[in-house]
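>>> sequence first, predicted coordinates after that:
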Amino acid sequence: MEDEGAQQGQIQVLENTYIMKPQEHEKFRANEVIKAVKALLDERLKGKRYDSNESAQLSKELCTEIKEKVKEIGAPRHKLVVQVTIGEVQGQGVRIASRCLWDVETDNHASAYYTNPYLYCVAMVFACYYE
């Protein structure tokens, strides 16, 4: 009978677990994420030329792929935010910065970049633990 209620659109209410910090095996592992993101960027962007018309869509695709890759690595109970910036290389210098207000014991970030003679790409992953 309970399965029928779930199929009919009833909302299941779960109680709080009051787990305030991740266990050691649940922590966001930035070093593993950096390696995975670098490998993904190398694979997807190798030999690409910058095209302003396709960069927005490519950024969205990379964000989705990076988020899926980080979920495979494992960071349960973390809210993931991924930001990808793609630009054209024209001899300029680029500095990308971010500021966050978070718990230094439970939250973390990782960033990786890719560059070739035509474009640069910076990917940042923020993982915020939530109870």
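Received it, and whenever you're ready, just let me know what you need.

>>> what's the weakest-modelled helix or strand in this structure?
For the chain, using mean pLDDT, DSSP states H and E, the weakest element among its helices and strands is helix 2-7, scoring a mean of 55.

>>> pLDDT on stretch 53-67, on average?
Here stretch 53-67 scores 96 as its mean pLDDT.

>>> what comes into contact with it?
37, 40-41, 44, 80, 82-87, 121, 123, 125 (C-beta atoms under 8 Å, 6 or more residues apart in numbering). Backbone N, C-alpha and C define where each C-beta goes, glycine included.

>>> make TSV from the residues you listed and add secondary structure and distance to residue 58 to it.
Below are the contacts of stretch 53-67 laid out as TSV (DSSP: H, G, I helix; E, B strand; the rest coil; distance: C-beta to C-beta, whole Å):
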residue	secondary structure	distance to residue 58
37	helix	15
40	helix	12
41	helix	11
44	helix	8
80	strand	19
82	strand	13
83	strand	14
84	strand	8
85	strand	11
86	strand	6
87	strand	12
121	strand	9
123	strand	12
125	strand	17
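
>>> would you turn those into JSON lines with pLDDT and distance to residue 60?
Conversion of the contacts of stretch 53-67 to JSON lines gives the following (pLDDT from 0 to 100; distance: C-beta to C-beta, whole Å):
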{"residue": "37", "pLDDT": "97", "distance to residue 60": "16"}
{"residue": "40", "pLDDT": "97", "distance to residue 60": "14"}
{"residue": "41", "pLDDT": "97", "distance to residue 60": "15"}
{"residue": "44", "pLDDT": "96", "distance to residue 60": "12"}
{"residue": "80", "pLDDT": "95", "distance to residue 60": "15"}
{"residue": "82", "pLDDT": "97", "distance to residue 60": "10"}
{"residue": "83", "pLDDT": "96", "distance to residue 60": "11"}
{"residue": "84", "pLDDT": "97", "distance to residue 60": "8"}
{"residue": "85", "pLDDT": "96", "distance to residue 60": "12"}
{"residue": "86", "pLDDT": "96", "distance to residue 60": "11"}
{"residue": "87", "pLDDT": "95", "distance to residue 60": "16"}
{"residue": "121", "pLDDT": "96", "distance to residue 60": "13"}
{"residue": "123", "pLDDT": "97", "distance to residue 60": "12"}
{"residue": "125", "pLDDT": "97", "distance to residue 60": "15"}
